[in-house]
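J.: sequence unavailable; structure follows:
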């Protein structure tokens, strides 16, 4: 009993020390908004003004692709495109609208080494995607080809997926899916058909890793859903390797064609 009491006291002392150290750091280096650098109450957060510019996609959406619509016609509604050509993923959901309010934040995170955005993004995703995370056996990022990864130095989708998996207590499996060949960036493709051709056969699961996917429900994580071509190609490769279900969670999605310049 005395030992347990001593452990409890030691634990309280460590917690107090951490809080005191954090408070001291906040005085010396006050937390700033990750977008505009105004002072905020906690680290890795947005100020009220920047937060108000973000459009969260928390309304009704189509069952499979997750595209938002204004009038809720029921939870099992498919859009015309998914009816005409079923997707290889089972369900996709996105947190934000990719628009003027979120665009600069996402592009800075993706291309400008602004990894300080990652804690907030992952925390938002973990909360909004809790339904998908609960059902998932594995969390997998959309992979980059090794040459692009070498050039960029990090995979933004893997950063999000790893942090979110840790928050949710789910296994993170970044090596089960790979990009087999390099290709031009999807943003450079002039049309949805060109995007489909660009990623055709680009992804695969190495034979020696396929056993880890048999019968599993996978949560596939990416930064932005534009046409869904990349996500569909990844899902096709995962299904061919034996995955039972592929759920997709992205930080943002394009809801207006004018925003598809990512």
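T.: That came through, no problem. Note that the structure is a prediction, hence the values are computed from the model and not measured.
J.: for the protein, what spans make up the helices?
T.: 2-28, 48-52, 80-84, 103-111, 118-128, 130-135, 146-152, 156-168, 192-199, 229-240 (DSSP state H).
J.: what about these, which gets the closest to residue 68?
T.: helix 118-128 (13.2 Å; Cβ to Cβ). Backbone N, C-alpha and C define where each C-beta goes, glycine included.
J.: and that closest one, what's buried?
T.: Across helix 118-128, burial judged by 16 or more other Cβ atoms under 10 Å covers 118, 119, 120, 121, 122, 124, 125, 126, 128.
J.: so what's the fifth one closest to, chain neighbours aside?
T.: Pointing back at residue 122 there. residue 163 (3.5 Å; Cβ to Cβ, 6 or more residues apart in numbering).
J.: what's the closest of the buried residues of helix 118-128 to residue 64?
T.: Using Cβ to Cβ, residue 128 is the member of these that sits closest to residue 64, with 17.9 Å.
J.: isn't residue 152 right next to residue 145, touching?
T.: No. If you go by Cβ atoms under 8 Å, residue 152 and residue 145 don't touch, sitting 10.4 Å apart.
J.: and the two? Which one has more around it.
T.: Taking other Cβ atoms under 10 Å, residue 152 and residue 145 do not tie; residue 145 has more neighbours (16 against 13).
J.: so residue 68 bridges to which residues?
T.: When bridges are called by DSSP bridges, residue 68 pairs up with residue 61.
J.: that one against residue 56, yeah?
T.: No. Here residue 68 does not reach residue 56: they are 10.3 Å apart, not a contact under Cβ under 8 Å.
J.: model confidence for residue 148, exactly?
T.: Per-residue pLDDT puts residue 148 at 86.
J.: and the nearest residue to it once chain neighbours are set aside, its phi and psi?
T.: Spatial nearest neighbour of residue 148, chain neighbours left out: residue 182 (6.7 Å); criterion: Cβ to Cβ, 6+ apart. Note on residue 182: its backbone torsions stand at phi -70, psi 160 [degrees, to the nearest 10].
J.: burial measure for residue 182, as a count.
T.: Look at residue 182: counted by other Cβ under 10 Å, it has 11 neighbours.
J.: try the one 10 residues further on
T.: Residue 192 is flanked by 14 other residues according to other Cβ under 10 Å.
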